[in-house]
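S.K.: would you be able to build a 3D model of this:
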Amino acid sequence: MRLQIFIQPIFFSVIFILISCSNDNSNNQEEKKWILKREQNELLAKEKNSLIAHYLQLEIDSLESKFSTQFNDELNHKAFEFYRKRNYDPIWRLNESSSILPEQYLSLLDSVHLEGLNANDYNKEILEQYRKNVGDFIDKNNKTKDIHAKAIAKTDLNFTISFLKILNHLKNGKIDQGELGLQWDLNNENEINAEQLLIQVIQKNDINAAIAKVYPKIKQYNQLRELLKFYYSLSNNTNWRKLQPGITLSLDSVSADVIILRQNLLQTKDLQENKNNVQQSTLFDAELKKAVVSYQVRHGLEPSGIVDEEFIEIMNTPLSNWIALIELGLEKTRWLPDSLGDKHIFINIPDFSLQMIDKENVIREMKVITGKTMRSTPVFSGKIKYVVFSPYWNVPKSIAVNDLLPKIKNNPGFLRKNHYELFENWDPNSTRINPRKIDWDTIEENNFSFRLRQKPGPWNSMGRVKFMFPNNFSIYMHDTPEKHLFIKERRDFSSGCIRIQEPEKMAEFLLPEMTEEEITGKMNKKSEEYINLKTPTSVYITYNTVGVNDKGQAVFFQDVYKMDEKLIEMYHKTPLK
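M.R.: Residues are numbered from 1 along each chain as shown. You can find the predicted model right below:
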């Protein structure tokens with residue numbers, strides 16, 4: 001009995017070991033089969049990818065041997081070079097069911113209009129053939145036919161160049177600023193490491209992280225993206241209706257048109273929906289008037305609260321027009337550098353506004369006066385390097401001849417009365433001369449060799465301080481004695497330079513080491529004084545006809561220099577970069 005008890009466990013242990021060995025052998029066999037199958041698949045994959053690589057090389061050699069009108073040469077070369085470095089190994093794995101890159105990219109093109117871009121610029125129609133005929137690309141028998149390898153190679157290259165193009169447009173914009181024919185020089189100097197981004201896409205089998213790296217980082221860009229999405233939703237909304245031309249609506253008006261007005265203002269969020277706001281009410285009440293004022297302010301109209309011909313014209317403007325302006329706003333933002341600097345000045349010409357910004361916080365906002373249409377303020381960026389307190393004004397020859405010479409001829413005492421000094425010429429050491437000794441009747445533009453200089457003081461056209469950021473346009477910011485001009489809504493009165501409303505606050509922002517009293521004292525001296533900034537501060541002079549208010553709503557400004565007309569045409573008709 002004891003022997004039986006002893007033998008029984010041994011018996012079962014032996015059986016267990018035999019079974020375990022059998023299972024181990026079975027598992028080993030399965031593992032060997034799996035490894036063999038994987039190796040066979042890898043060999044087949046290499047074989048078919050080698051075939052695709054062969055046709056990729058042929059396609060690239062063919063394109064390089066002739067001028068390609070389909071894609072920009074620079075993008076071509078970047079793509080070709082990348083393929084060479086990887087021995088023409090395909091990138092998008094169009095023939096593998098496990099690859100998610102092609103569909104990811106096509107999904108991006110489906111929504112790229114929300115970036116203000118046109119999917120057709122990136123050969124979407126050609127790439128859509130992959131989506132329609134995906135079965136022709138993916139070989140379920142793990143064998144790639146020769147005819148399909150050729151198609152896969154060409155499509156792989158098309159995907160790559162399209163992808164490079166969209167990276168470039170998102171980072172730097174579609175339009176080349178140098179081709180605008182305008183005074184526009186916002187050089188963003190944003191570079192794309194296309195090769196690194198492509199490697200990242202391949203390694204992670206994901207395009208989204210690469211795309212995220214090229215989106216502009218400026219807060220304004222995300223705000224405009226949200227606006228564009230909102231206006232697309234408005235354009236898709238069948239409840240948006242036009243107002244009847246010729247009507248006038250004001251407080252206490254009763255009309256069926258009030259219903260249309262009310263519903264439109266609810267959609268634009270100028271009118272807030274609540275229990276007291278009856279959508280079908282025909283009464284123009286105080287709440288509706290407030291919403292009308294909000295809409296007028298956002299569209300640059302007189303905030304009268306009255307629906308008149310001008311209001312109706314704006315509200316009946318096709319939503320596609322507002323969409324085009326927002327798209328252009330996104331494009332202009334892409335022309336700015338990735339970082340504007342922790343501390344910078346941001347000027348918007350159409351809004352006649354200036355913001356002093358520190359770490360994305362608007363420290364102060366003020367009004368500005370910009371150039372007249374014929375002497376427009378250029379769009380560019382620079383760095384403020386020094387401040388001139390109690391400045392002289394050396395009058396540019398164009399202003400001296402066109403603006404001041406007629407006044408001098410009409411009144412010989414004009415120069416003395418307005419604190420001007422007259423010099424023989426523009427040589428720094430030129431002799432000062434008496435204006436009364438000049439026969440002004442004989443002076444015209446062709447023989448006007450003099451230099452006019454206005455003395456420091458409250459009468460000086462530069463005011464009491466100017467802020468210098470050396471540039472090719474000879475533009476700077478300055479104070480002005482003509483403070484009354486700041487009360488006007490449209491303020492394009494200067495000869496190109498930018499007059500600022502609160503120069504003392506600007507000086508405090510740029511020279512934090514100085515007290516308010518020190519700044520005031522220097523601004524009221526009788527002699528000129530230069531102060532260098534310890535750290536040069538970036539200034540951006542921009543031209544944006546669309547802004548975003550603190551409620552996240554669109555604010556539209558007048559196209560004072562008529563730049564947007566040309567820009568919109570170029571933006572939608574520009575050839576592919």
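
S.K.: max-length strand in the protein?
M.R.: Criterion DSSP state E: the longest strand present in the chain is strand 529-542.

S.K.: and that one, what does it pack onto?
M.R.: In this structure, strand 529-542 packs against strand 343-348, strand 379-389, with contacts taken as 3 or more CB pairs under 8 Å, 6 or more residues apart in numbering; DSSP states H and E. The C-beta positions use only the backbone N, C-alpha and C, and glycine is treated the same way.

S.K.: can I get those in a markdown table with mean pLDDT, mean neighbour count and distance to residue 307?
M.R.: Listed next are the helices and strands packed on strand 529-542 as a markdown table, based on pLDDT from 0 to 100; neighbours: other CB atoms under 10 Å; distance: least, CB to CB, whole Å:
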| stretch | mean pLDDT | mean neighbour count | distance to residue 307 |
| --- | --- | --- | --- |
| strand 343-348 | 97 | 20 | 28 |
| strand 379-389 | 96 | 20 | 35 |
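
S.K.: could I get those strands in JSON lines, plus columns for distance to residue 214?
M.R.: As requested, these are exported to JSON lines (distance: least, CB to CB, whole Å):
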{"stretch": "strand 343-348", "distance to residue 214": "22"}
{"stretch": "strand 379-389", "distance to residue 214": "20"}
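
S.K.: isn't residue 284 up against residue 259?
M.R.: No: counting by CB atoms under 8 Å, residue 284 sits too far from residue 259 to count as a contact (10.5 Å).

S.K.: which of these two has more neighbours?
M.R.: Using other CB atoms under 10 Å, the more surrounded residue of residue 284 and residue 259 is residue 284, with 23 against 16.

S.K.: could you point out the helix or strand that follows the strand or helix carrying residue 354?
M.R.: Following DSSP states H and E, one finds residue 354 within strand 353-358. With elements assigned by DSSP H and E, the helix or strand that comes after strand 353-358 is strand 361-371.

S.K.: excluding its backbone neighbours, what's nearest residue 122?
M.R.: residue 162 (4.4 Å; CB to CB, 6 or more residues apart in numbering).

S.K.: wait, I meant residue 519
M.R.: residue 507 (4.7 Å).

S.K.: count of residues packed around that neighbour?
M.R.: 24.

S.K.: so residue 341 sits against residue 538, correct?
M.R.: Yes: if you go by CB under 8 Å, residue 341 and residue 538 touch, sitting 4.4 Å apart.

S.K.: now do the host helix or strand of the residue nearest to residue 519: everything it contacts.
M.R.: Per DSSP H and E: residue 507 is located in helix 503-510. Here helix 503-510 makes contact (CB atoms under 8 Å, 6 or more residues apart in numbering) with 345, 356, 363-364, 366, 384, 387, 463-465, 467, 477-479, 500, 514, 516, 519-520, 523, 533, 537.

S.K.: so where's the stretch 251-400 of the chain shaky on pLDDT?
M.R.: 275-278 (pLDDT under 70).

S.K.: still on that earlier bit, of all the helices and strands packed on strand 529-542, which lies closest to residue 151?
M.R.: In terms of CB to CB, the element of the helices and strands packed on strand 529-542 nearest to residue 151 is strand 379-389, at 46.0 Å.

S.K.: gap between the next helix or strand after that closest one and the chain center?
M.R.: Counting by DSSP H and E, the next helix or strand C-terminal to strand 379-389 is strand 393-394. Here the centre of strand 393-394 is set off from its chain's centre by 36 Å, with CA atoms, centre = their mean, to the nearest Å.

S.K.: which strands or helices does strand 393-394 pack on?
M.R.: Looks like strand 393-394 contacts strand 451-454 (3+ CB pairs under 8 Å, 6+ apart).

S.K.: tell me, what residue is most central in this structure?
M.R.: Centroid-nearest residue in the chain, with CA atoms, centre = their mean: residue 333, separated by 1.4 Å.

S.K.: in three-state terms, label that residue for me.
M.R.: helix (DSSP: H, G, I helix; E, B strand; the rest coil).

S.K.: might you report the residue contacts of it?
M.R.: Contact analysis of residue 333 by CB under 8 Å, 6+ apart lists 216, 218, 220, 221, 224.

S.K.: any weak-confidence spans in the protein?
M.R.: In the prediction, the chain carries residues with pLDDT under 70 at positions 1-48, 66-72, 139-145, 187-188, 275-278, 574-577.

S.K.: kindly recompute the last result at 50.
M.R.: Along the chain, the parts satisfying pLDDT under 50 run over 1-21, 34, 37-45, 69, 71, 142, 575-577.

S.K.: of the contacts of residue 333, just say which sits nearest to residue 483.
M.R.: For these, the closest approach to residue 483 (CB to CB) belongs to residue 220, at 29.8 Å.

S.K.: any buried residues in the host helix or strand of that closest one, and which?
M.R.: Assessed by DSSP H and E, residue 220 sits inside helix 219-235. Buried residues in helix 219-235, counted by 16 or more other CB atoms under 10 Å: 220, 221, 223, 224, 225, 227, 228, 230, 231, 232.

S.K.: re earlier: residue 552: which of the contacts of residue 333 is nearest?
M.R.: residue 224 (10.8 Å).

S.K.: and the closest one, what is it in contact with?
M.R.: 116, 326, 329, 330, 333, 546, 548.

S.K.: what of residue 326?
M.R.: 116, 224, 227, 228, 231, 546, 554.

S.K.: so who does the closest residue to the last one other than its chain neighbours touch?
M.R.: Setting aside the residues directly before and after it, residue 554 is nearest to residue 227 in space (CB to CB, 6+ apart), at 5.1 Å. Listed by CB under 8 Å, 6+ apart, the contact set of residue 227 reads 326, 546, 548, 552, 554.

S.K.: which of the residues you listed fall in helices?
M.R.: Judged by DSSP state H, helices contain the following of the contacts of residue 227: residue 326.

S.K.: need the buried ones from the contacts of residue 227 selected in PyMOL.
M.R.: Applying 16+ other CB under 10 Å to the contacts of residue 227 leaves a buried subset, and the PyMOL line that selects it is:
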select buried, resi 326+546+548+554
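
S.K.: CSV please, covering the contacts of residue 227 and showing distance to residue 100.
M.R.: Shown next, in CSV, are these (distance: CB to CB, whole Å):
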residue, distance to residue 100
326, 31
546, 36
548, 35
552, 34
554, 36
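
S.K.: the contacts of residue 227 in strands, which ones?
M.R.: In strands, judged by DSSP E, the following of those are found: 546, 548, 554.

S.K.: closest to residue 209 out of those residues?
M.R.: residue 548 (27.4 Å).

S.K.: list the residues that contact that closest one.
M.R.: Per CB under 8 Å, 6+ apart, neighbours of residue 548: 220, 223, 224, 227, 554, 555.

S.K.: could I get those residues as JSON lines with distance to residue 289?
M.R.: Below are the contacts of residue 548 laid out as JSON lines (distance: CB to CB, whole Å):
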{"residue": "220", "distance to residue 289": "31"}
{"residue": "223", "distance to residue 289": "28"}
{"residue": "224", "distance to residue 289": "29"}
{"residue": "227", "distance to residue 289": "25"}
{"residue": "554", "distance to residue 289": "21"}
{"residue": "555", "distance to residue 289": "20"}
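
S.K.: how many neighbours does residue 399 have?
M.R.: 16.

S.K.: from residue 397, how far off is the nearest residue to it once chain neighbours are set aside?
M.R.: Among residues not flanking residue 399 along the chain, residue 495 sits closest, at 5.8 Å (CB to CB, 6+ apart). Using CB to CB, to the nearest Å, residue 495 is found at 12 Å from residue 397.

S.K.: likewise for residue 124?
M.R.: 54 Å.

S.K.: what's the distance between residue 175 and residue 529?
M.R.: 43 Å.

S.K.: my error: substitute residue 280 in the last question.
M.R.: For residue 280 relative to residue 529 (CB to CB), the value is 68 Å.
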